[in-house]
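Engineer: Got a predicted model here, sequence first, then my questions.
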Amino acid sequence: MSIRITPLTHPDRLVWLAADPAGHPVGSAYLRLFDRPGQDHLAELELAVHPADRRHGTGTQLLTAALAAAREAGKRCVIAQAATDSPGARFLPAHGFRKVLTLTYARLALADADIAALTAAVAAPRPGYRLLSWDGTVPDHLAQTYADSRHAMDDMPMDDTDFGTVTWDVPRLHAVAQAVADRGDHLHTVAALHQPTDTIVAFTELVVPGDGAGDAQHYGTAVLPAHRGHGLAAWLKAQSILQARTRHPALAGLLTDTADSNTYMRRINDALGYEPTHRTVTYQLDL
């Protein structure tokens, strides 16, 4: 079957649409070109072909167009994600991609959350630390220490992924919070303040849909290396769960994803009642 590949314009990524001779869409490819310092070597691919139109070379043609664009943009590698045992998990290795990271996705049904245990976990003393929380963008008087605390993500397990380093500063914090607000969602942050130094040393973020219903998504949880081993991550997540349940009574659940190699965070999620739902694999092609 003859397939026509058409590049399209999009504000933040390159797009190709595959159509059959009658003009019916049969597949698409999206290529995000990272341009932040520390990640400007990287591109991320999303590719899909309609099940009825697979095995006719459409995916290969879309991939060829996307990789050519990544090379032209000077990228060093392309990453793509696929659910385990899916067509994508067979297609990507067949075209030279290698497996670099496995993520386990999990969900906490808020109706089943152990409120007594969560309340006790939050109330347990953490000498030298106290909890803070805010909605939307970080308050000005906390902005710099919160930006500094984002270095806790620098050693987040990414296995063999050439993901680079995300550089955080106050303008980037504001930009992320604004992006969440612009799409009508709510960003809630819980942080741990180290009282002797008056600095934020750990945080967890939760994004709740604008209507307060359905499932919310954890964005990130991290503790600076010097402050690990005090139970701060579990403390913060327990508080975040309680806040979500109280403030958004129509919310059904909380979603999270964790690298399989991040056994510490997976144990925390298990203890808090999160149930695995599925797994995905990240593949990488070195250009």
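Structural biologist: Cool, got the structure.

Engineer: make it CA atoms for all contacts and neighbour counts henceforth
Structural biologist: OK.

Engineer: The helix or strand hosting Arg32 packs against which elements?
Structural biologist: In the assignment (DSSP states H and E), Arg32 maps to strand 25-33. If contacts are counted by 3 or more C-alpha pairs under 8 Å, 6 or more residues apart in numbering; DSSP states H and E, strand 25-33 sits against strand 14-19, strand 42-49, helix 58-72.

Engineer: Distance to Met156, mean pLDDT and mean neighbour count for the ones you listed - can I get that in TSV?
Structural biologist: Putting the helices and strands packed on strand 25-33 into TSV (distance: least, C-alpha to C-alpha, whole Å; pLDDT from 0 to 100; neighbours: other C-alpha atoms under 10 Å) gives the following:
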stretch	distance to Met156	mean pLDDT	mean neighbour count
strand 14-19	28	94	20
strand 42-49	18	96	21
helix 58-72	26	95	18
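
Engineer: Quick one, which of these gets closest to Pro249.
Structural biologist: strand 42-49 (34.4 Å; C-alpha to C-alpha).

Engineer: Can you name the residues in contact with the closest one?
Structural biologist: Contacting residues not belonging to strand 42-49 are listed as 26-34, 58-59, 62-63, 66, 70, 75-81, 162-163 [C-alpha atoms under 8 Å, 6 or more residues apart in numbering].

Engineer: Same check on stretch 117-124?
Structural biologist: Trp235, Leu236, Ala238, Gln239, Leu242, Leu272.

Engineer: List the buried residues for stretch 103-121?
Structural biologist: By neighbour count with 16 or more other C-alpha atoms under 10 Å, stretch 103-121 contains the buried residues Leu103, Thr104, Tyr105, Ala106, Arg107, Leu108, Ala109, Leu110, Ala113, Leu118, Ala121.

Engineer: Helices of this protein, start to end?
Structural biologist: Under the criterion DSSP state H, the chain contains helices at 58-72, 87-94, 115-123, 140-149, 170-182, 232-247, 263-272.

Engineer: Give me whichever of those helices is most buried.
Structural biologist: helix 232-247 (a mean of 20; mean count of other C-alpha atoms under 10 Å).

Engineer: just the CA coordinates of that one, formatted as PDB?
Structural biologist: The C-alpha trace of helix 232-247 is given here as PDB (Å, rounded to 0.1, in the frame of the first residue of the first chain):
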ATOM      1  CA  LEU A 232      11.300  12.300  54.700                       C
ATOM      2  CA  ALA A 233      10.000  11.000  51.300                       C
ATOM      3  CA  ALA A 234       7.300   8.800  53.000                       C
ATOM      4  CA  TRP A 235       6.500  11.700  55.300                       C
ATOM      5  CA  LEU A 236       5.900  14.100  52.500                       C
ATOM      6  CA  LYS A 237       3.900  11.700  50.400                       C
ATOM      7  CA  ALA A 238       1.700  10.800  53.300                       C
ATOM      8  CA  GLN A 239       0.900  14.500  53.800                       C
ATOM      9  CA  SER A 240       0.300  14.900  50.100                       C
ATOM     10  CA  ILE A 241      -2.200  12.000  50.100                       C
ATOM     11  CA  LEU A 242      -4.100  13.400  53.100                       C
ATOM     12  CA  GLN A 243      -4.300  16.900  51.600                       C
ATOM     13  CA  ALA A 244      -5.500  15.500  48.200                       C
ATOM     14  CA  ARG A 245      -8.200  13.500  49.900                       C
ATOM     15  CA  THR A 246      -9.400  16.400  52.100                       C
ATOM     16  CA  ARG A 247      -9.200  19.200  49.500                       C
END
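
Engineer: All set, thanks.
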